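1. Okay, structure incoming, though there's no sequence with it:
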């Protein structure tokens, strides 16, 4: 755990208490059972926004607390631990795009609404099943945006889309010329393919040539923070289970083969936490973001992949049941692993950033 | 806005920085710029030129080679912040720390904690001046991972001990002046029968035989003790406290092996850059061998998060004033990744990366082969990876053995 300020610790504890008491995994079960395309509880998100979580990275002048990415990551991590379904991640990523590339008017219009929870926003970049920000066909002509975006998270709840076109990022209100086709993924959250057919678009003209990359790095980091919470929860759950389950008249935790496997996973988890926290801190410091974000998401992918598989294996048969929570984490893990850069994509990016 | 206290602290730091710069200008020989004395760092003052000796003496006199150790015993008496300034200023002019060896890395910190006043006055100042080489008398032929199984016996002869037995893997034993050793003073209790004893390597009855390793070098020795007389004043702590003291010392050893500093130095040159000098590149300067490129990036990402973990462990232990729970993973992780790096270097260079001797191979190629081989020891010594896993599982994760 990174060394936190007193305010950050309070924020983390508040998020932890809320997630544990108000939003345990049983709440996600309810969302799943309801089967709505907008797969989250609006009342719960309103509470989160009321606690200020949607405005953590937004400046005070625009209704936020300007508390930084490490702080946002702390909250996202705690919510990840209990698989809380909410548009917080998507909205924060979208807010970072407006912060980096928006005009004063665009910021004044949208950031207060996002901070208050009144509006939900999401980033739409990829046009296929793989993360490929260089392969964008979406075009804008005469202020009208046309193209198809694939697997857009929280598309159902969003009022605003930040859409990547060939010549930059655009704000598109949900309205005429925006058509959703629900894509139910294994994690049972809200995803949709979105067709933009001449939708009114307002360009984010600031932020320079690296705007899309900069926004994607922030998406990678906040996603990695959610993955960190999931990995930590899976590790803790598995360790608890090994300390309770008796076979051959012995606790499973007393078998050396399992002790060493857990020691390996603990080591992996330590690396993942270091990488994710350092990445979030890099954004706050404004230094080395591209490289840190690449390392953070790559380590999040590697470690959560391993822990989610081992969690099932070490739980044995019970881990295979829908009644038990472990499987939910595995399913969400793979979706996030493929989002904003698979491990292969990130290794390629790391090599390119390193000049080889 | 800075408070008055902060401003004063800044002013003091600036004054100290100036003092360090003046010291370097007056004492650091231009000839040694960018060079290290690896032997000094690892084994103490074994082979020195006159220039190196003068530099060691200058640093030793200030105590800046052991910057945070107490001044009364010859250390620098500096705060951590001041020690960082020394480190930064030394680095800026390419000066190395000439004070090193096991005395600095392991024995000194342990003696400062457990030694009596007389022992500290006798042994710490020569370590701070880099005059004495210490070696570690821990492992024995039948006490490797099961270290508490040592049999070397120190018989109580009234005013002295009579030591008999054999130690092995004594690093730098052939050069050492003194040895800190775990010896048995009681055969009836495995752990409480162990004591921590300081033995002169030139005492009659001490015999040292270097062991040739697969890397072709002989950094380790077998050490035999035959009726060696050791004064009782050389017992650290009480009889039977050796296991506690010895384990504390191993914590220092582990921290050093995982070694932020030395290992971080290896990242000076990225494997990707090395690979570009051995293989072909695309028009845009990327490695043409995409499989190799992917492997290198995979390694370097994990290496990166290891370095970040070492940094986090340091920050956490400073903030909590104790050892961070993730410190226990650093030795295991650092040694495994170093080995992986050595293996990748061979893949990158092909057979050119397996040269043993001769001009057909560059110095770094030859050295890296030896390093690859010698590096296999790193996951065995200082508590093998398997022992580290036991420690993590039991002490950190609370997974207890069969009851």
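-> Sure, I can see it. Just so you know, these numbers come straight off a predicted model, no measurement behind them.
2. Quickly note the distance from residue A:246 to residue B:371.
-> According to C-beta to C-beta, to the nearest Å, residue A:246 and residue B:371 sit 47 Å apart. (C-beta placed from N, C-alpha, C; glycine too.)
3. Ok, residue B:12 next?
-> Distance from residue B:12 to residue B:371, by C-beta to C-beta: 42 Å.
4. More neighbours: those two, which one.
-> residue B:371 (16 against 13; other C-beta atoms under 10 Å in any protein chain shown).
5. okay, the closest residue to chain B within the stretch 101-250 of chain A: pLDDT?
-> Ranked by C-beta to the nearest C-beta, the top residue of the stretch 101-250 of chain A for proximity to chain B is residue A:250, at 5.2 Å. Residue A:250 carries a pLDDT value of 96.
6. now the helices: where do they sit in the stretch 201-350 of chain A?
-> A:211-244, A:256-285, A:289-315, A:326-338, A:343-353 (DSSP state H, counting those that start in this stretch).
7. Of the ones you listed, give the one that comes closest to residue B:345.
-> Ranking the helices of the stretch 201-350 of chain A by proximity to residue B:345 (C-beta to C-beta) places helix A:343-353 first, at 16.8 Å.
8. The closest one: how far from the chain's middle?
-> Averaged C-alpha coordinates place helix A:343-353 at 20 Å from its chain's average position (C-alpha atoms, centre = their mean, to the nearest Å).
9. Repeat that for stretch B:202-222.
-> With C-alpha atoms, centre = their mean, you get 19 Å for stretch B:202-222.
10. List the buried residues of that stretch.
-> Going by neighbour count (16 or more other C-beta atoms under 10 Å in any protein chain shown), the buried part of stretch B:202-222 is B:206, B:208, B:210, B:215, B:219-222.
11. tally of neighbours for residue B:87?
-> 15.
12. Against residue B:17, how distant is it?
-> The value you get for residue B:87 to residue B:17, if C-beta to C-beta is used, is 12 Å.
13. And for residue A:120?
-> Distance from residue A:120 to residue B:17, by C-beta to C-beta: 52 Å.
14. These two - which one has more neighbours?
-> Higher neighbour count among residue A:120 and residue B:17: residue A:120, with 27 against 15, using other C-beta under 10 Å.
15. For the more buried one, give me its contacts.
-> A:45, A:87, A:90-91, A:114, A:154, A:157-160 (C-beta atoms under 8 Å, 6 or more residues apart in numbering or on different chains).
16. Need the helices of the stretch 201-350 of chain A in CSV (columns: mean pLDDT and mean neighbour count).
-> Shown next, in CSV, are the helices of the stretch 201-350 of chain A (pLDDT from 0 to 100; neighbours: other C-beta atoms under 10 Å in any protein chain shown):
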stretch, mean pLDDT, mean neighbour count
helix A:211-244, 98, 23
helix A:256-285, 98, 23
helix A:289-315, 98, 24
helix A:326-338, 98, 20
helix A:343-353, 98, 20
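17. Adding distance to residue B:151 as columns, could you present the ones you listed in TSV?
-> Shown next, in TSV, are the helices of the stretch 201-350 of chain A (distance: least, C-beta to C-beta, whole Å):
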stretch	distance to residue B:151
helix A:211-244	37
helix A:256-285	26
helix A:289-315	40
helix A:326-338	48
helix A:343-353	50
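18. and of the ones you listed, who's closest to residue A:186?
-> Using C-beta to C-beta, the helices of the stretch 201-350 of chain A put helix A:326-338 closest to residue A:186, at 4.3 Å.
19. which residues in chain B form strands?
-> B:134-137, B:153-156, B:160-171, B:178-184, B:194-200, B:206-211, B:220-231, B:235-236 (DSSP state E).
20. Likewise for the stretch 51-200 of chain A?
-> Ranges of strands in the stretch 51-200 of chain A, per DSSP state E, counting those that start in this stretch, are A:121-124, A:139-141, A:144-153, A:160-165, A:168-173, A:178-182, A:191-200.
21. Most proximal residue of chain B with respect to chain A?
-> residue B:272 (3.0 Å).
22. Not counting sequence-adjacent ones, nearest residue to that residue?
-> The shortest distance from residue B:272 to any non-neighbouring residue, by C-beta to C-beta, 6 or more residues apart in numbering or on different chains, is to residue A:356 (3.0 Å).
23. quick one, what contacts that neighbour?
-> Counted by C-beta under 8 Å, 6+ apart, residue A:356 has contacts B:270, B:272-273, B:275-276, B:285-287, B:293, B:296.
24. From these, list just the buried residues.
-> Buried among the contacts of residue A:356 (16+ other C-beta under 10 Å): B:270, B:272, B:275-276, B:286-287, B:293, B:296.
25. and those, which of them are in helices?
-> Under the assignment DSSP state H, the buried ones among the contacts of residue A:356 contribute B:272, B:275-276, B:293, B:296 to helices.
26. Quick check: pLDDT value at residue B:2.
-> 49.
27. what's around the residue of the stretch 101-250 of chain A closest to chain B, how many residues?
-> Neighbours around residue A:250, by other C-beta under 10 Å: 13.
28. Can you give me the pLDDT of the spatially closest residue to it that is not a sequence neighbour?
-> Nearest non-adjacent residue to residue A:250, counting by C-beta to C-beta, 6+ apart: residue B:402, 5.2 Å away. For residue B:402, the pLDDT comes out at 84.
29. Distance-wise, check residue B:402 relative to residue A:248.
-> Distance from residue B:402 to residue A:248, by C-beta to C-beta: 9 Å.
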